[in-house]
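Engineer: Sequence plus predicted model, see below.
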Amino acid sequence: MTGGRVLRDPPGGPSLVVARAQPPAGPGTDEGVGTMTGSDSRSTRAAAPLTGAAAPCWVNLVARDLEASQRFYGEVLGWTFRPGKLGREFSVARRGEVPVAGIGAVSSAYQVAVNWMPYFAVENADVAAGRVRERSGTVAVGPLALGRGRGVLAADRDGASFGLWERVEPATTPPASDDRAHAWLRLRTRDAFDAAIFYGEVLDWASGRPGCCEVAYERDEVIVRCGGRPLARISSGAVEAAADPVARPHWQVQFPVDDVDGTVEAVRRAGGTFAALDEVLGGREAVVRDPDGALFTVTDVRTPEGSGD
């Protein structure tokens, strides 16, 4: 397979086309969400927004303590917070007037690990959850009615956690006007091609609908593009039984920042820890943990296409 071509099954198989569902605002908010942002307000327009009326997903932190998480991410990434519509355990992180992520202090209640995860928009949460099970994935929670939608916490067959979100009522607030992408996703998995097939089948990405996203194999990775703009990368090489959580399959949420070293120091001052530093195409990436142990990445790379190893 060559760069820029649509990812295909073995000879004779269908091409995998990533269909962009019409998503709702993300879980944990009743707002029509804008785009995610890190501490860098100059983020590029080259990448696809992760949230908003035309975006495929929302990012959420499963936390133990809401106030402690808000304090940490406010100090490290400069976010402010507003109460969510799902109850006292939820809030919406914002940069300026743009909603950027959800935080839900539900780790103990749902008996799931503290972590960052993407929620992918689906038309029917029951159908999508069934597809996860049929393909040897795991459904840990749901479908569960939450506010104006129905949510699912799941894991793919290699153990990477993700969510599903079905909006059952229209959002009451229009999306923010910010069209910039201030964060992006990278799935570190055992086999990138196999993972792309799994998520394509679960999320009905291969529907061929108008405006669908594309999946290409480039530089030994799978690149997911929506509207011609990069959304996520899928990389092979993760080991499910690895002792280091950084090496296990997981969805990596990457926030662009101006100063990687300065942000790492802010993480340490706020009670988090440093996990790893990588020199990548276009800059550097630092993997860090918040005080509860949730992994996330800060990077000075301007676009997910420029962050390959």
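Structural biologist: Nice, thanks for sending it over.
Engineer: Where does pLDDT dip in the stretch 51-200 of the chain?
Structural biologist: 51-56, 107-109, 169-182 (pLDDT under 70).
Engineer: show me where it has helices.
Structural biologist: With DSSP state H, counting those that start in this stretch, the ranges of helices along the stretch 51-200 of the chain come out as 66-77, 107-110, 125-134, 192-202.
Engineer: Give me the packing partners of the last one, helices and strands only.
Structural biologist: Using 3 or more Cβ pairs under 8 Å, 6 or more residues apart in numbering; DSSP states H and E as the contact criterion, the elements in contact with helix 192-202 are helix 125-134, strand 213-218, strand 221-226, strand 229-235. C-beta coordinates here come from the backbone N, C-alpha and C atoms, glycine included.
Engineer: still on that earlier bit, including distance to residue 97 and mean neighbour count, could the helices of the stretch 51-200 of the chain go into a markdown table?
Structural biologist: Formatted as a markdown table, those follow (distance: least, Cβ to Cβ, whole Å; neighbours: other Cβ atoms under 10 Å):
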| stretch | distance to residue 97 | mean neighbour count |
| --- | --- | --- |
| helix 66-77 | 16 | 19 |
| helix 107-110 | 29 | 14 |
| helix 125-134 | 29 | 17 |
| helix 192-202 | 32 | 21 |
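Engineer: Turn the ones you listed into a markdown table, including distance to residue 95.
Structural biologist: Below are the helices of the stretch 51-200 of the chain laid out as a markdown table (distance: least, Cβ to Cβ, whole Å):
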| stretch | distance to residue 95 |
| --- | --- |
| helix 66-77 | 8 |
| helix 107-110 | 24 |
| helix 125-134 | 29 |
| helix 192-202 | 28 |
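Engineer: about what we covered before: want to throw the helices and strands packed on helix 192-202 into a markdown table with distance to residue 90?
Structural biologist: Below are the helices and strands packed on helix 192-202 laid out as a markdown table (distance: least, Cβ to Cβ, whole Å):
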| stretch | distance to residue 90 |
| --- | --- |
| helix 125-134 | 18 |
| strand 213-218 | 28 |
| strand 221-226 | 26 |
| strand 229-235 | 25 |
